[in-house]
Each structure stands twice: as C-alpha cells, then as structure tokens.
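A.B. asks: from the sequence below, what's the structure:
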Amino acid sequence: MRAALARWAVVGAGFFLFGNLYAPQPLLPALERGWNAAAGAAGPGMSAPMLGLVLGSLLWPRTGLRAGAMLALGALGVALFAALGAWAPGPYAWAALRLGEGLAAAAVPGASFALLPRLFGSRAAAAAGWLVAANTVGGALGRAGAGALAERFGPAGALVLLALPLVGLAWAALPLEGGFTRGEARVPAGAGPLLAFGAGLLFANLFVANLMPYRLEAAGYGLAALGAFYLVYLGGTAGALLAGTLAGRLGPVRAGAAALGAAAAGTALLASRPLAGFALLLAGLFGLHALGGAAAGRRGAGTSGAYVSAYYLGGGLAGLVYPFFLPRPFGWALGFVGALLLLTAGLLPRALAPARTRDG
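C.D. replies: I've put the predicted structure just below:
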C-alpha cells in the first residue's frame, strides 16, 4: 500500500505544490487589508516564489540527496513556509517567506521526474503527461479552494489548510530511491528569441491574473467567487492540446499565430467580459507555452532547462510590475498586454522555427 501511495504522491506532487504557490492570488486584496498595506503591496510576495523556483532548481540537484528524500524535504518546506507566510505580519515578511516556499518547491518537479522511470517503467512518458496536467489542475483548484476556505476561515486559515496535505505527501514519498543523472548541457547561440518568448508568456499570464482580483472585488465579487473565477485555468490545458494538434497539421509557427490570435482576442474582451476574455487569453498563452516548450526540447537539454528558467523569471517579474497599474484605468493594463503580445508576434518565427542543431 505504501508503494501505491508513493506512486500517486509522485504524480500528484505538482498538484499540491502549485496549488499552494498560486493559492494567495484571489486573496491579494484581503491580505493587504489585513496588513493595513497599500494595494499592490503583496506584489513582491507573488514574485518571490517564481524567483525561488529558478534559484532552487540550480541548487537541489547538487545536494546529492535521493529523489524521495528531496521530494519529501521540498514538500515539507513548502508546507512550512506557506503556513508561516499565512501569519506573516506584513508584506515584506510574507515576501521573504514566499521566497523560501519557492526554493523548497524547486525540489519537487526535478525529483518527481527523476522518479517516474523507476516507478512507471515503460509508462513513464504517460505518467509525465499526468504530472504536468496535475500541475495545471492543482494551480486552478488551489486558487478556487483558497477563496472558498477564506470565506469561512479567513485568508490565513485557508492558506494553512491548503498546506497540510503536503505533510502526507512527504511521508509517502520519503522512502523512494532513485536520483539524478547529471550531464553537461549548453544553450546554443540563437536561443535568445525563444527564451524571451517564454519569459513573456508567464509574465502576461500572471500580470493579468494578479490584477483581476482587485478589479473583480470592486465589481462585487466575494472571496469564494474570486477563487472560483480562477477555475478558467482548467481550460488552459485545452489550449495547449489544441496548439499541439495544430502544430502537427500547420507547423509550429502557424499554430503559434493561431494561439496568439486567441490571446489577443481574450485581451480585447477582458474589460467587458472578464471570464470569457481571461479564458481565451489563457488558452492562447498555454498554447504558445506548449509550442515554446516543444521548440526548446527539440534544441536539447540545455535550451529546455534555460527555457523553463526564463519562463519562471518572467512570472516573477510580473509580480513586481502589476502594482504600478492598480491606480490607473484598466485600459492601461490592457494596452500593456497588447504591446507585449505584439512583441511576442515579432519573436514568433525565430522562437518556434524548427532548429537544425541540438545541444548536448
């Protein structure tokens, strides 16, 4: 039974991990009121875990720990920092604890992928697909759960409750053997457009996602409704799947153009139809991310790792930028996203064009 639990713990690790990392998003205005802080003061706390993920991904593989021990320590670290952060006295302390949460979280994806061949054998590729899907679903349900729980237990209670399952996950994963095989990988010349492309995608995603609770709360949304709004992230997976299908028929550049069109249409709808607009924007961005990840994979391990780092760095930057747009009309933010999508369109052909060489 422990072995079966371990298998599910590895596949489901990202579900609880990303559920905790993104859970505060619908609670941002409420957290700031609790600290008597200005609107946008929580921005660095939304940025910090993304930066922690990038830094931690460089550090954890150097520890020499078994993958099971690494996953367990990472899960416990996320639970601890998330629970402490729930009771942080102010935005600066919260940002510091969220950085710790991101550093701990970085152990989980690498350890999980390292364990898949040992636990699933020839079905490891299929298990990896479930793992990635669990990340997206976990992020959506973490946001929704935080809003619903905060209605009854307050923002701090909601964040603590969401962190508790990670303790059980750590217990299930701890005995697992397996580890990393380290190899030298380089990023070839010419990968810059692809890396900038990836950074822009999560930036646009989280820039809008961080702004929405302020706008929706002003429109009368309660905490539970704010959390439920983020269930549209579940539809983002459809965008990724559709982009992959279109790439097979039309090629990655034309498929990317279609995804970019969906993102632009969603941006145009955000002001008047926020639910439909955000859903379309996410479908387009997730589709572009799927194509970008595939393009990075074709170029080899070095480019793939650099692409993931650039992606999360873009998300980290979004947390620092969105507060500047809170006191301004929403049209400013929409224009900013539109300009970013235009830059993405300019990068599209060079970022997604099939590479002729692979790195090591």
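A.B. asks: let me see the ranges of the helices in the stretch 201-350 of the chain.
C.D. replies: Under the criterion DSSP state H, counting those that start in this stretch, the stretch 201-350 of the chain contains helices at 223-229, 233-250, 252-269, 274-299, 301-321, 330-352.
A.B. asks: elements contacting the fifth one?
C.D. replies: Read it as helix 301-321. Judged by 3 or more Cβ pairs under 8 Å, 6 or more residues apart in numbering; DSSP states H and E, helix 301-321 is in contact with helix 43-59, helix 192-218, helix 274-299. (C-beta placed from N, C-alpha, C; glycine too.)
A.B. asks: so where's the protein uncertain?
C.D. replies: By pLDDT under 70, the weakly predicted segments of the chain are 1-4, 6, 110, 113-114, 116-117, 123-129, 132, 178-189, 301, 355-360.
A.B. asks: and if we set it to 90?
C.D. replies: Within the chain, the segments meeting pLDDT under 90 span 1-15, 56-72, 106-137, 168-192, 234-251, 289-309, 352-360.
A.B. asks: domains for it, by residue range?
C.D. replies: Domains of the chain are assigned by automatic domain parsing as 1-176, 187-360.
A.B. asks: reformat those domains as a markdown table; add mean neighbour count.
C.D. replies: Output for the domains of the chain, formatted as a markdown table (neighbours: other Cβ atoms under 10 Å):
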| stretch | mean neighbour count |
| --- | --- |
| domain 1-176 | 21 |
| domain 187-360 | 19 |
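A.B. asks: give the contact list for Val108.
C.D. replies: Residues in contact with Val108 (Cβ atoms under 8 Å, 6 or more residues apart in numbering) are Ala13, Gly14, Leu17, Leu71, Gly74, Ala75, Val78.
A.B. asks: so how far is the helix or strand in which the third one is found from its chain's centroid?
C.D. replies: Same thing as Leu17. Using DSSP states H and E, Leu17 sits in helix 2-22. Centroid separation for helix 2-22 versus its chain: 15 Å, with Cα atoms, centre = their mean, to the nearest Å.
A.B. asks: which neighbouring elements make contact with it?
C.D. replies: Contacts defined by 3+ Cβ pairs under 8 Å, 6+ apart place helix 2-22 against helix 67-86, helix 91-105, helix 107-120, helix 124-163, helix 165-173.
A.B. asks: go with 6 Å
C.D. replies: With contacts defined as 3 or more Cβ pairs under 6 Å, 6 or more residues apart in numbering; DSSP states H and E, the packing partners of helix 2-22 are helix 107-120, helix 124-163, helix 165-173.
A.B. asks: nearest to Ala88 among these would be which one?
C.D. replies: helix 124-163 (8.9 Å; Cβ to Cβ).
A.B. asks: hmm, back to that, possible to save the contacts of Val108 as CSV with distance to Ala262?
C.D. replies: Formatted as CSV, those follow (distance: Cβ to Cβ, whole Å):
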residue, distance to Ala262
Ala13, 30
Gly14, 25
Leu17, 28
Leu71, 35
Gly74, 34
Ala75, 35
Val78, 33
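A.B. asks: returning to that earlier point: with distance to Gly43 as extra columns, can I get the helices and strands packed on helix 2-22 in JSON lines?
C.D. replies: Converted to JSON lines, those look like this (distance: least, Cβ to Cβ, whole Å):
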{"stretch": "helix 107-120", "distance to Gly43": "24"}
{"stretch": "helix 124-163", "distance to Gly43": "16"}
{"stretch": "helix 165-173", "distance to Gly43": "25"}
